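**Student:** Quick check, what structure comes out for this input:
(one chain, ligands or ions: 1)
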Amino acid sequence: MLPRMQRRYFVIVLGLFFPAGTALGSPGYPATIASELELPCEPACTLCHTRATGGFATVNTPFGLTVRMDEGLTCCDASLLPGVLAELRQNETDSDGDGASDTEELEALTSPNTEGDVDLACEAAADDSGCSVRAAVGAPRSGRAALLVAAVFVVVAAVRRRRFA
Ligand SMILES: [Ca+2]
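**Tutor:** Purely as a prediction, here's the structure:
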């Protein structure tokens, strides 16, 4: 068990890397949807998220609310998506209420969030991260690495100062 002071520094360091509201994980949600429904591109994060970069607490589009509230899909486990998509297909779920089911719309590359034949925002795969990951690692990786090094120095300095005080 870390002494109280060291625990405090440890929590501070964790906070630097994982600020409040950061969701980790969800790799491959867009890719899984594309592969399960045999789409030629990956749906943009805005299929489920209200922000183009995705992220925690932004799954509030009609389709996002369906998969989150009705199907119980949460962060970070893309292996759940095939079952969710199968259930949406079986139930002919229609999140935007336009008469075309969500899976029909996705397969036709139209948005299940907007009535009518509005094009689905779909993009070539840029990486295999999920929308939550994209938001969580918004800072350049080199910047995060520099932050890690700085944080380690702060903790080491604090522990040494305490030890030799
Ligand atoms: Ca629809």
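
**Student:** Leu120 against Glu107, yeah?
**Tutor:** No - if you go by C-beta atoms under 8 Å, Leu120 and Glu107 don't touch, sitting 9.7 Å apart. In short, each C-beta sits where N, CA and C put it, glycine included.

**Student:** what mean pLDDT would you report for the helix or strand encompassing Ile33?
**Tutor:** Ile33 is part of helix 29-36, with elements assigned from DSSP states H and E. Averaged across helix 29-36, pLDDT comes to 94.

**Student:** Flag the shaky bits of the chain, pLDDT-wise.
**Tutor:** Along the chain, segments meeting pLDDT under 70 span 1-27, 125-129, 132-147, 164-165.

**Student:** quick one: buried residues of the helix holding Ile33?
**Tutor:** Neighbour counts over helix 29-36 (16 or more other C-beta atoms under 10 Å) mark Tyr29, Pro30, Ala31, Thr32, Ile33, Ala34, Glu36 as buried.

**Student:** Mind giving me the packing neighbours of it?
**Tutor:** For helix 29-36, the elements it packs on are strand 42-43, helix 81-91, judged by 3 or more C-beta pairs under 8 Å, 6 or more residues apart in numbering; DSSP states H and E.
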